[in-house]
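Participant: Give me coordinates for this.
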Amino acid sequence: MALTRLADAQAGVVSRKQVHLLGVTDEVTQRLLREGRWQLVARGIYHTTASRPAWDGLAWAGVLLGGNGTRLGPRASGFLHNLVNDAPRPVDVLVPVGSSARVGGEWQFIRERPGARSARSVGAPPRLTVEDTVLDLSGEGSVTSDLVALVTKAVQGRKTTSRRLLKAMNGRSRYKHRKVLGDILRDVAVGAESPLEMRFLHDVERPHGLPRGIDSSADMACHTSAMSATTAIESWSSWMAD
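Facilitator: Just a heads-up that it's a prediction; the model follows:
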């Protein structure tokens with residue numbers, strides 16, 4: 001059945017407009033709600049089981065509430081791209097300027113300024129690209145090791161590349177950490193995989209003209225975080241000689 005396939009594709013959530021297009025009348029919908037077989041998620045949005053929707057269903061509901069051109073925001077996109085660990089509550093949803101979506105509660109609707117980021121959406125439910133997700137998340141706060149961790153996770157996890165991130169950043173007229181992120185992307189491009197390796201790269205390798213080629217093991221990273229630059233050089237030299 002077409003309705004079942006649609007619901008399965010949208011984590012069990014459908015809109016009034018969608019069910020009308022499939023020939024389901026308001027009378028049938030109201031009967032399903034009264035019998036407890038469907039649940040009302042928001043006005044005109046239904047969960048096609050007797051339970052409340054899980055987070056994925058709420059994400060779909062937010063996109064359906066927003067209408068055409070709506071997509072998930074940076075935190076929700078980051079969760080679905082496996083860049084952040086926790087599903088955001090409320091679900092952040094980007095809506096076009098002029099959208100009438102004003103529902104609160106489970107969703108945070110944010111009007112998206114035209115040209116603020118790439119117009120391309122990916123996935124289902126539609127979300128930001130990995131590159132725009134990284135740029136938005138990294139631009140939310142101050143520059144910390146979290147920025148390094150986010151970028152290295154995206155690049156080393158093969159979700160994107162330094163080149164694509166740099167291109168996306170250069171395509172934005174506004175970005176708070178432009179110089180810092182540019183430096184980080186260059187470091188990641190030569191193989192730095194963590195904040196500790198990046199610190200070693202800046203504090204030891206480059207100042208002392210050492211060749212690139214450190215192993216990215218956890219033991220080496222832990223040593224470099226605790227030692228002074230001089231001790232780290234000695235340790236690095238001994239390690240290379242072994």
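Participant: going forward, measure contacts between C-alpha atoms and count neighbours the same way
Facilitator: Noted.
Participant: Assign the most centrally placed residue in the chain to helix, strand or coil.
Facilitator: Geometric centre of the chain, nearest residue: residue 78, 1.5 Å, by C-alpha atoms, centre = their mean. At residue 78, secondary structure determined by DSSP: H, G, I helix; E, B strand; the rest coil is helix.
Participant: Equivalent analysis for the one 4 residues further on, please.
Facilitator: Three-state secondary structure (criterion: three-state DSSP) places residue 82 in coil.
Participant: circling back: just the pLDDT for the nearest residue to the residue nearest to the centre of the chain once chain neighbours are set aside.
Facilitator: Once flanking residues are discounted, residue 78 sits nearest to residue 84: 5.5 Å by C-alpha to C-alpha, 6 or more residues apart in numbering. Turning to residue 84, the model gives it a pLDDT of 92.
Participant: Now do the contacts for the spatially closest residue to residue 137 that is not a sequence neighbour.
Facilitator: Among residues not flanking residue 137 along the chain, residue 74 sits closest, at 6.2 Å (C-alpha to C-alpha, 6+ apart). With contacts defined as C-alpha atoms under 8 Å, 6 or more residues apart in numbering, residue 74 is in contact with 92, 128, 132-134, 136-137.
Participant: can you do 10 Å?
Facilitator: Residue 74 is in contact with 80, 88, 91-94, 127-130, 132-138, 140, counting by C-alpha atoms under 10 Å, 6 or more residues apart in numbering.
Participant: Over to residue 130?
Facilitator: By C-alpha under 10 Å, 6+ apart, the neighbours of residue 130 are 74, 77-78, 80-83, 121-122, 136, 154-155, 159-161, 164-165.
Participant: Just the buried residues of those residues.
Facilitator: 74, 77-78, 80-83, 121, 136, 154-155, 160-161, 165 (16 or more other C-alpha atoms under 10 Å).
Participant: can you redo the residues you listed as a markdown table with distance to residue 182?
Facilitator: Shown next, in a markdown table, are these (distance: C-alpha to C-alpha, whole Å):
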| residue | distance to residue 182 |
| --- | --- |
| 74 | 20 |
| 77 | 22 |
| 78 | 20 |
| 80 | 25 |
| 81 | 22 |
| 82 | 23 |
| 83 | 19 |
| 121 | 24 |
| 136 | 15 |
| 154 | 15 |
| 155 | 14 |
| 160 | 15 |
| 161 | 13 |
| 165 | 9 |
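Participant: Next, give me the two most distant ones among the residues you listed.
Facilitator: Spatial extent of those (C-alpha to C-alpha) is set by the pair 121 and 155 at 19.4 Å.
Participant: Was I right to think residue 66 contacts residue 103?
Facilitator: Yes. Counting by C-alpha atoms under 10 Å, residue 66 does reach residue 103; the two are 9.4 Å apart.
Participant: What does the nearest residue to residue 57 once chain neighbours are set aside show for phi and psi?
Facilitator: Distances taken as C-alpha to C-alpha, 6+ apart put residue 11 closest to residue 57, at 4.9 Å, once the chain neighbours are dropped. Dihedral angles of residue 11 (phi, psi; degrees, to the nearest 10) stand at phi 60, psi 30.
Participant: Tell me, how many residues neighbour residue 11?
Facilitator: 20 (other C-alpha atoms under 10 Å).
Participant: Next up, the contacts around it.
Facilitator: 47-48, 53-61, 125.
Participant: sorry, back to before: could you turn the buried ones of the contacts of residue 74 into a ChimeraX selection?
Facilitator: A single ChimeraX command selects the buried members of those (16+ other C-alpha under 10 Å):
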select :80,88,91,92,93,94,127,128,129,130,132,133,134,135,136,137,138
